[in-house]
Every structure is written in C-alpha cells, then in structure tokens.
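Undergrad: My questions concern the predicted model and sequence given below.
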Amino acid sequence: MTRARRFWLACHLWLGISLGGLLVMFGLTGSVLVFYTEVDRLLNPHTVASTPAPDVDLDAAFAALRAAHPERSGAWRIELPLHEGVPLMARYYRPAERAERSFAPLLVTLDPATLAITRAAFWGDTAVTWIYDLHYTLLLDRPGKTAVGIAGLLMLLSLGSGLWLWWPRKGRLLHALKPVLRHGRARLTYDLHVLSGSWGAVLLVTLALTGAALALPDQTRALIAPVSPLFSMPDLRAVTPPMHHAITAADAVAVARGRFPGRELRWVESPSLEGGAWRVVLHQPDEPSRRFPRTQVWVHPETGAIVAERDAARDTGGDTVLNWLHPLHNGEAFGMTGRVLMCIAGLLPALLFVTGWMRWRQKARAKALTGQRRAGIRRS
C-alpha cells in the first residue's frame, strides 16, 4: 500500500467514525425537509385549506393578522398558496418573545377562503420547524450554523477521499459502476458501500457543497464578491410612515405587476408601523425557486412610487449562484423529480455509515485473526 493510499484511507476512516452519526442525522432530517410543507400539513390537518383558494383579499388578510395580534407593530409577510389545499401562510419576523434568537418568526396560517386563523406558533415550536432547526443549526442558533457549515466541508473531504480510494484504473470506470452485488458478507458490504457512494456522488457532493454555502452565507458571499458584484438589500430607513393617504396591499401589488407584468405573485410584505415600504415578491419563469424567488419590488407606502427593485432576470453571475443554492439543496430546481432524488440522497449517508462501520469491523476482526494465527505459528 502506498503512503498516499494509507493517508487517504486513514482520513476516510476517521472522518466517517467521527462525523458519521452527524452526517446521518443531516441526511435523514434533510429527506424529511424536502417535503416539509407537505409533512407539516399532514401533521396538522386543521391547517389544510378546505376549499380551493380564491383570489385572496390581501388587505383583509393583513387586517385579520393585525386584529389577532394588535401588539405587533412590525412588518407581516404573507405567502400566497402554491397549490390547492395549501393555506395562506404569514410570518412576523423578530417577535419580542424570541428576541434572543437570530431566526424564530411567528408563523400564522389562515384559511384562504375565510381568512380564519387556523394556527399561530413560533418557529421551532412545531415538529417540522424543530427538525429544520436541528438540520440547519443543531438547535444552537448561530454557532450551530457555523458548525453545520464546517461539517458540510468535512463531508466534502470524506466524499473526495472515498472516491479517490475507489477510483478504478484507466478504462475500468464503467465496469466499476456496474450495479453488481457479490456473494459473501464482506464482499456484499464493500459493494453496497462503494456503489452507493459512487452512484450517489454527484447528489451527495451537491448536498454537501450547497449545505455548507447556505450555513456559511457571509463566507460564501465573501468568496464570490471579488469576482462578481452581489445584490444588496435597499436601505429603507428613510421611508417614513404615510402622513395622509396610505396605499393598500392591492395597490402595491398592482404597481409591482405593472413593472413585471404576467409574473406570479408569491409574497407580500407590509411596512411596519414605524416605517418602511411594501415589498412584493414575484416569480419569473427562469428562476430556480418558485417558492422563494428573487424578483422584488419595494413600493412607497404613501406615494405608490417604486423605491427599489430587483429583476432576477438581470442578476449577476454571483447572484445567480446564490439563487441556485437552496433550490439545488432541496431539489426544487428540478421539480418533483429533483425533490425525490434529493430525498433519496438524504438516505445514503445512513447506508454509507452502516456499511462503512461494518467493513471497518470486518477488517479489524480479520487483522486480529491473522495476528493470532501468526502468533500461533511462532509458538509452534
């Protein structure tokens, strides 16, 4: 065995032993989160919209939210339903009850037909948002996000070392990729390990790379910024509350649709009572995420003038890279097929960890048995 192979074998082994359990958790929770909105509705059937969503009266929806939570003077953000049965979902960022958390909005669901509130809960208090926090922050908020990002980079190293150790000789790649499982426990274990790793390599590398980038956003932006300018959110502190006539949510949406005609309305965010603009988020056909698109229009709450905008179709290369991270990570960029593939990919770390552990123990037992035999021969 060459020195290089011995080094990468030790690297692969100890990364697997030390990080394997954590990567299994990331994979299994990630598989759930690929369908987290569907799982949430399954666990909370009372939030499912009973009738097909009509054209939502956004002003009435904002009024219902403020009436239910009069003490909250900040901005409310409403997400429009993507499909039949999906409720109207609203978020209130930075609630006083969770001020110590970097991300723990109040989540409110409304029936889109009646605008009756069907649930109000803080992020992290529902099953799927708790799983999301476990996956994204290890339940440790900002320090946990950093740890998750580092773990993603180490996962890349583990995958790279495994591929280096497995890589066949020239001209043997297709043969090595044949899905053949040999007889015998040791051979079967080895085949399951290398085939799941090699066949799933592209998906696993995508998960690790995008996951690390999402968990380390400041570092990711710092790497991209020198080679491509990046969009910065507009400073709206100078936009004061309206003194005379306040435009409505419907007015703001009409302004945004006038700027981007024919685009799908996805989110609308109100100004806070202290100031700020209406923010209207729309989806354009070439954007990878339909749920979280990047085309946005900020509308002055009194004059109805556009104070800032973002046209995702004109994003820089760096912004385009950032826009693709989340839709690649959860598979949304490629529709249901992509989501199913990423859900399956999330199961692979468990298979790799179990078969890797078994293979390590098999080799350790074989080595111990060989040592015993040699000792017996020397004694005889």
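TA: Structure received. Residues are numbered from 1 along each chain as shown.
Undergrad: which residues in this structure form strands?
TA: Taking DSSP state E as the criterion, the chain carries its strands at 76-79, 88-92, 106-110, 117-122, 264-269, 278-283, 295-299, 306-310.
Undergrad: which residues touch the most centrally placed residue in the chain?
TA: Most central in the chain under CA atoms, centre = their mean is H326, positioned 5.0 Å from the mean C-alpha point. If you count contacts by CB atoms under 8 Å, 6 or more residues apart in numbering, H326 has them with T210, L214, S289, F292, E332. (C-beta placed from N, C-alpha, C; glycine too.)
Undergrad: Please identify which of the residues you listed is nearest to A345.
TA: Of all these, A345 sits closest to T210, with 11.6 Å by CB to CB.
Undergrad: List the residues that contact that closest one.
TA: Shown in contact with T210 (CB under 8 Å, 6+ apart): L325, H326, L328, H329.
Undergrad: Over to W324?
TA: Per CB under 8 Å, 6+ apart, neighbours of W324: P288, A333.
Undergrad: Domains in this structure, by residue range?
TA: Listed domain ranges for the chain are 3-34+135-227+340-370, 46-125, 249-315 (source: automatic domain parsing).
Undergrad: hey, which of these is tucked in deepest?
TA: When the domains of the chain are scored by mean count of other CB atoms under 10 Å, the highest mean neighbour count falls to domain 249-315 (a mean of 19).
Undergrad: Find the nearest non-adjacent residue to E309, please.
TA: V297 (4.9 Å; CB to CB, 6 or more residues apart in numbering).
Undergrad: and Y36, how far is that from H135?
TA: Distance, Y36 to H135, using CB to CB, to the nearest Å: 10 Å.
Undergrad: hang on, the residue nearest to E309 packs against A256?
TA: Yes - if you go by CB atoms under 8 Å, V297 and A256 touch, sitting 3.9 Å apart.
Undergrad: Identify all contacting residues around stretch 38-52.
TA: Identification of contacts with stretch 38-52 by CB under 8 Å, 6+ apart yields 32, 81, 84-88, 109, 111-113, 118-119, 126-128.
Undergrad: same thing but 10 Å
TA: Outside stretch 38-52, the residues within contact range by CB atoms under 10 Å, 6 or more residues apart in numbering are 32-33, 35, 81, 83-89, 107, 109-114, 117-119, 121, 126-129, 131, 339.
Undergrad: Give the other helices and strands that the helix or strand of the chain with the lowest mean pLDDT contacts.
TA: Lowest on mean pLDDT, DSSP states H and E among the helices and strands of the chain sits helix 348-379, with a mean of 85. Using 3 or more CB pairs under 10 Å, 6 or more residues apart in numbering; DSSP states H and E, the elements in contact with helix 348-379 are helix 3-33, helix 141-166, helix 185-199, helix 201-215.
Undergrad: same for the longest one, what does it pack against?
TA: Judged by 3+ CB pairs under 10 Å, 6+ apart, helix 3-33 is in contact with helix 36-43, helix 127-137, helix 141-166, helix 201-215, helix 335-345, helix 348-379.
Undergrad: do you know which of the ones you listed lies nearest A238?
TA: Going by CB to CB, the one of those nearest A238 is helix 141-166, 29.1 Å.
Undergrad: angle of that closest one against helix 3-33?
TA: 130 degrees (axes from the mean of the first three to the mean of the last three CA atoms, to 10 degrees).
Undergrad: Any regions of the protein where pLDDT drops low?
TA: 52-54, 375-380 (pLDDT under 70).
Undergrad: Would you pull up how far stretch 360-377 lies from the middle of the chain?
TA: Its chain's C-alpha centre and that of stretch 360-377 lie 45 Å apart, by CA atoms, centre = their mean, to the nearest Å.
Undergrad: To M358, which of the helices and strands packed on helix 348-379 lies closest?
TA: helix 185-199 (4.8 Å).
Undergrad: Show residues contacting the closest one.
TA: Taking CB under 10 Å, 6+ apart as the rule, helix 185-199 contacts 158-159, 162-163, 165-168, 173, 176-184, 204, 347-363, 365-366.
Undergrad: before we move on, back to that, now the common contact residues for Y36 and H135.
TA: With CB under 10 Å, 6+ apart as the test, Y36 and H135 both reach T29, G30.
Undergrad: Distance of the closest residue to D251 other than its chain neighbours relative to Y132?
TA: Closest residue to D251 apart from its sequence neighbours, by CB to CB, 6+ apart: G304 at 5.8 Å. G304 sits 36 Å away from Y132, taking CB to CB as the criterion.
Undergrad: How about A99?
TA: Applying CB to CB, the value for A99 to Y132 is 20 Å.
Undergrad: Quick one: end-to-end length of stretch 211-227, please.
TA: End-to-end distance for stretch 211-227: 22 Å, by CA to CA, to the nearest Å.
Undergrad: Show me how far it is from its chain's centre.
TA: 15 Å.
Undergrad: ok so, going back, to P143, which of the strands of the chain lies closest?
TA: Closest to P143 of the strands of the chain, according to CB to CB: strand 117-122, at 20.3 Å.
Undergrad: From the chain's centre, how far out is the closest one? Work that out for me.
TA: 23 Å.
Undergrad: Contacts for that strand, please.
TA: 40, 44, 46-50, 64-65, 67-69, 87-90, 92, 95, 97-98, 101, 104-111, 126, 129.
Undergrad: I'd like the domains of the chain as TSV, with distance to L236 appended.
TA: Output for these, formatted as TSV (distance: least, CB to CB, whole Å):
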stretch	distance to L236
domain 3-34+135-227+340-370	21
domain 46-125	10
domain 249-315	5
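Undergrad: Could you point out which of those domains sits nearest A238?
TA: Of the domains of the chain, nearest to A238 by CB to CB is domain 249-315, at 8.2 Å.
Undergrad: related to what we said a few turns ago, may I have the phi/psi pair for the residue nearest to D251?
TA: Torsion angles at G304 (phi, psi; degrees, to the nearest 10) stand at phi 80, psi 10.
Undergrad: That one reaches A250, doesn't it?
TA: No - G304 lies out of contact with A250 (CB atoms under 10 Å); the separation is 11.2 Å.
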